[in-house]
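Enquirer: could you work out the structure for the sequence below:
(one chain, ligands or ions: 2)
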Amino acid sequence: MENTPPPGPTTGTALHIGGATLHPGFLDAESQAAMVGDIARIMHLAPPFSPITSWGKPMSVAMTSAGKYGWFSDRRGYRYVTAHPAGGAWPPIPTSVLAVWRRLVGRTRDPDCCLVNHYRPGARMGLHQDRDEADFSWPVLSISLGDEARFAIGGTRRSDPVERFWLRSGDVLLLGGAARLAYHGVDRIAPESSALIPQGGRINLTLRVVD
Ligand code: MD6
Ligand code: FE
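Expert: Ligands and ions are numbered 1, 2, ... in the order given. Presented below is the predicted three-dimensional model:
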């Protein structure tokens, strides 16, 4: 696939790609700007940090969280924790973000964790499965804000072939059903492809039920 995003916004109905469900342009410009403001408040209260992988290398993506749990990694491995590494509970998940979950997943249960990933140009997220949660019958919902990102998704084995597509600001992606345990990652960011985030880069929110 090409290395630069194809032109033009895409809006409208859901697309099914590699077992995932993509809602292109789910959030309009105004909702995206409001959400970035909400995320800036989370980052102020719970500053992003680059978790250390079990290999001992810091990740290129800076992370923080909101909700009952935050995602954390160090040499001992990956896990959910109830406090920021500097101390203190995680800030609550903003209503603007919960509203997206409630519209697409439902009102039966709200997510326990909103992981906030901040990508600067050059940051990447290697192919991984989201499997630190207790109940895989709940989907993982992801919201893209800012610079465009090329997303890769394969099957439930690391060696399965991957499909790649671009995630744009305002897109919402759901990994549920058979795709819940699909390997996926972000292999490139298109620098300065969006002016949404004052410092530039991309913010990705992933919402999960953890317990
Ligand atoms: C990202 N997303 O888009 C990384 N995980 O920056 C994820 O790792 C992800 O988009 C689970 C479900 C949807 C996702
Ligand atoms: Fe993931």
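
Enquirer: next up, the contacts around the nearest residue to residue 207 once chain neighbours are set aside.
Expert: Spatially, and ignoring its direct neighbours in sequence, residue 207 is nearest to residue 111 (4.0 Å; CB to CB, 6 or more residues apart in numbering). Where C-beta positions appear, they are placed from N, C-alpha and C, glycine not excepted. Applying CB atoms under 8 Å, 6 or more residues apart in numbering, we find residue 111 in contact with 67, 93, 98, 101, 141, 207-210.

Enquirer: three-state assignment of the residue lying closest to residue 122 once chain neighbours are set aside?
Expert: Computed as CB to CB, 6+ apart, the closest residue to residue 122 that is not its neighbour in sequence is residue 60, at 6.8 Å. Of the three states, residue 60 takes coil according to DSSP: H, G, I helix; E, B strand; the rest coil.

Enquirer: the contacts of residue 111: which two are farthest apart?
Expert: For the contacts of residue 111, the farthest-apart pair by CB to CB is 98 and 210; their separation is 15.0 Å.

Enquirer: for stretch 100-113, list every residue counted as buried.
Expert: For stretch 100-113, burial by neighbour count (16 or more other CB atoms under 10 Å) applies to 100-101, 104-105, 111-113.

Enquirer: still on that earlier bit, what does the pLDDT read for the residue nearest to residue 122?
Expert: Looking at residue 60, its pLDDT stands at 97.

Enquirer: ok so, going back, which one of the buried residues of stretch 100-113 sits closest to residue 129?
Expert: So of these, ranked by how close each gets to residue 129 (CB to CB), first place is residue 113, at 16.0 Å.

Enquirer: does the closest one have any beta-bridge partners, and if so which?
Expert: residue 67, residue 208 (DSSP bridges).
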